[in-house]
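Enquirer: mind looking at a prediction? Sequence and model below.
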Amino acid sequence: MSNARKHKTSIPQGDELKRSVQSKAWRRTFRKMLDKMPENLRRWNAALLAVQFGYGGMKIAGEISGLSQPTIRKARWELEDGQVDWDGERARRPGGGRKRIEQERPEVLDQLKKLVEDETAGDPSSADRWVNRSSRKLAVAMKKLGHEVSHVSVIRLLKKLD
């Protein structure tokens, strides 16, 4: 008889699973494992745990994983629809997040250029240039022109102007 047959283990299901996860050590180990995963894998593994529990699994999986029930519900839908990419490099779908101001309002670069035109200094024989106004003051001036721009975005936009 091989070792694989001698030490055959089974994955607990239903009530047996619910009893086994009552152990604080098991919960702590599962939580540590989830904490090392990217957010999409964490969400999908918590959803798999919820499915294994059956009735009441969403609540238990949420308590163990620290994820909200709507997040686990979303992951269950993704699992059921086959939208899961276990090997994927990306944690999120492409195209998410806020768009950059220059994408939403292309005129912002031209207006910033007009603001700094008279205040730009530098060595004419080299490409080194600087602006005499701070990025925060330029952000305030852009706000007066109707553009909500942070000083960090002003710095990024100035680099694009070069």
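Expert: Noted; the coordinates are in hand.
Enquirer: how about low-confidence regions in the protein?
Expert: Applying pLDDT under 70 to the chain flags residues 1-22, 86-94.
Enquirer: what ranges does it have for its strands?
Expert: 120-122, 129-131 (DSSP state E).
Enquirer: show me which residues of the last one are buried.
Expert: What that stands for is strand 129-131. Residues of strand 129-131 classed as buried: Val131 (neighbour count, 16 or more other C-beta atoms under 10 Å). Where C-beta positions appear, they are placed from N, C-alpha and C, glycine not excepted.
Enquirer: likewise for stretch 56-73?
Expert: The neighbour-count check on stretch 56-73 (16+ other C-beta under 10 Å) flags 57-58, 60-62, 64-65, 67, 71-72 as buried.
Enquirer: ok, now stretch 104-123?
Expert: The neighbour-count check on stretch 104-123 (16+ other C-beta under 10 Å) flags 108, 111-112, 115-116 as buried.
Enquirer: domain parsing for this structure?
Expert: With domains defined by automatic domain parsing, the chain comprises 11-81, 101-161.
Enquirer: tabulate those domains (a markdown table), appending distance to Gly95.
Expert: Below are the domains of the chain laid out as a markdown table (distance: least, C-beta to C-beta, whole Å):
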| stretch | distance to Gly95 |
| --- | --- |
| domain 11-81 | 16 |
| domain 101-161 | 12 |
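Enquirer: now Phe30: how far from Gln52?
Expert: Distance, Phe30 to Gln52, using C-beta to C-beta, to the nearest Å: 12 Å.
Enquirer: in terms of secondary structure, what does the longest helix anywhere in the chain contact?
Expert: In the chain, taking DSSP state H as the definition, the longest helix is helix 39-53. For helix 39-53, the elements it packs on are helix 14-20, helix 24-35, helix 57-65, helix 69-81, judged by 3 or more C-beta pairs under 8 Å, 6 or more residues apart in numbering; DSSP states H and E.
Enquirer: turn these into JSON lines, including distance to Val140.
Expert: Putting these into JSON lines (distance: least, C-beta to C-beta, whole Å) gives the following:
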{"stretch": "helix 14-20", "distance to Val140": "59"}
{"stretch": "helix 24-35", "distance to Val140": "42"}
{"stretch": "helix 57-65", "distance to Val140": "44"}
{"stretch": "helix 69-81", "distance to Val140": "39"}
